[in-house]
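In: have a look at this prediction, sequence included:
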Amino acid sequence: MQTKAKTVGYWVATGVLAALFLASGAAELASAPAVALAMHALGYPLYILTILGLWKILGAAALLYPRLPRLKEWAYAGVFFDLTGAAISPRSLRRSPSKNSDSADSPSHRDGVMGSSPTIAHLEVGIGASEYRASSRLVRG
């Protein structure tokens, strides 16, 4: 019964993570206004949305595909890199403060665009999904 519970936990966590990455990848590919605003506020060029969106969708598909364990491991690595980069980017801004650009009342802060709570939650789901992974499915050397 323990193995079945681990398998169910793995697929639930993996499904949630894949859904989050599919949704965010689609929003980035569509250059949704909130996403474009966040990227602009972070100082990234907008073409990065296409690159991130495509890789997120491909990564989510790799997470859900039951074969190709090496590709799945790389997809988990991509999730980790994406989420740690998303958590660090707002903290590494090095621009001079302007009158209203970084105030708590600016739209990017007020609407949560610059917040990292969802990013940390996504990272926790990703770590949980990889922890539930059955030992027989781990890639070895």
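Out: Thanks, I have the structure now.

In: backbone dihedrals for Thr68, both of them.
Out: Heads up, residue 68 is Leu, not Thr. phi 60, psi 60 (degrees, to the nearest 10).

In: give me the neighbour count for it.
Out: Leu68 has 12 neighbouring residues, counting by other C-beta atoms under 10 Å. Any C-beta I mention is one placed from the backbone N, CA and C, and that applies to glycine too.

In: all further residue positions should be reported with the first residue as 42.
Out: From this message on, residue numbering opens at 42, which makes the last subject Leu109.

In: show me the contacts for Tyr85.
Out: Contacts of Tyr85 were listed using C-beta atoms under 8 Å, 6 or more residues apart in numbering, and they are Ser130.

In: secondary structure element holding it?
Out: Assessed by DSSP states H and E, Tyr85 sits outside every helix and strand.

In: look up how far Leu70 lies from it.
Out: 15 Å (C-beta to C-beta, to the nearest Å).

In: the helices in this protein, which residues?
Out: In chain order, the chain shows helices spanning 43-70, 74-83, 89-105, 110-129, 148-151, 158-173, with DSSP state H as the criterion.

In: average pLDDT for stretch 72-90?
Out: The average pLDDT for stretch 72-90 rounds to 92.

In: same question for stretch 134-153.
Out: 48.

In: also stretch 113-126?
Out: Computed over stretch 113-126, the average pLDDT equals 93.
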